[in-house]
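> With the input below, show me the fold.
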Amino acid sequence: MSIEPITGRYLTVTVEGAPRRIYFEEAGQGRPVLCLHTAGADTRQWRHLMNDAGITAANRMIAFDLPWHGKSLPPEGFETRSIC
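As a prediction, the model looks like this:
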């Protein structure tokens, strides 16, 4: 059995006056490196780097899912709000 050294959590931030629940993962220690996924992707894009002991030995890798991607779901009540 092998347990990966990645920890996943949720963070609530306020965007334009409304709360947004954002999922992020982190691994390693040292200099923080923020990993932003490409369009249509999520934190899984960074899994191999976050499991690389050579990279995480000196870097704290932080990957997050943008709202509407991966585990960062759309904001509560989005279906009843106008976007205009």
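
> What is the burial count for the nearest residue to Gly40 once chain neighbours are set aside?
Computed as C-beta to C-beta, 6 or more residues apart in numbering, the closest residue to Gly40 that is not its neighbour in sequence is His69, at 7.5 Å. From N, CA and C alone the C-beta is placed, and that goes for glycine too. The number of residues packed around His69, counting by other C-beta atoms under 10 Å, is 18.

> and His69, what does it touch?
Residues touching His69, when contacts are defined by C-beta atoms under 8 Å, 6 or more residues apart in numbering, comprise His37, Gly40, Ala41, Asp42.

> Which of the residues you listed scores worst on pLDDT?
When these are compared on pLDDT, Gly40 comes out least confident, at 88.

> From Thr56, how far out is that one?
26 Å (C-beta to C-beta, to the nearest Å).

> And these two? Which one has more around it.
Thr56 (20 against 6).

> and that one, how far is that from Ser2?
15 Å.

> now do Trp46
Distance from Trp46 to Ser2, by C-beta to C-beta: 18 Å.

> Count the residues that sit near Tyr10.
For Tyr10, the neighbour count with other C-beta under 10 Å is 11.

> which residues does it contact?
In this structure, Tyr10 makes contact with Arg21, Ile22, Tyr23, Phe24, Lys71, judged by C-beta under 8 Å, 6+ apart.

> what about burial for those, which qualify?
The neighbour-count test (16 or more other C-beta atoms under 10 Å) applied to the contacts of Tyr10 identifies Ile22, Tyr23, Phe24 as buried.

> which one of those is nearest Glu76?
Nearest to Glu76 among the buried ones among the contacts of Tyr10, counting by C-beta to C-beta, is Ile22 at 13.3 Å.

> hang on, isn't the closest one packed against Leu11?
Yes - applying C-beta atoms under 8 Å as the test, Ile22 and Leu11 come out as touching, 5.1 Å apart.

> Who are the contact partners of Arg31?
Contacts here follow C-beta under 8 Å, 6+ apart; on that basis Arg31 touches Ala58, Asn59, Arg60.

> for the nearest residue to the first one once chain neighbours are set aside, what are its contacts?
Nearest non-adjacent residue to Ala58, counting by C-beta to C-beta, 6+ apart: Gly30, 4.4 Å away. Under the criterion of C-beta under 8 Å, 6+ apart, the contact list for Gly30 reads Ala57, Ala58, Asn59, Arg60.
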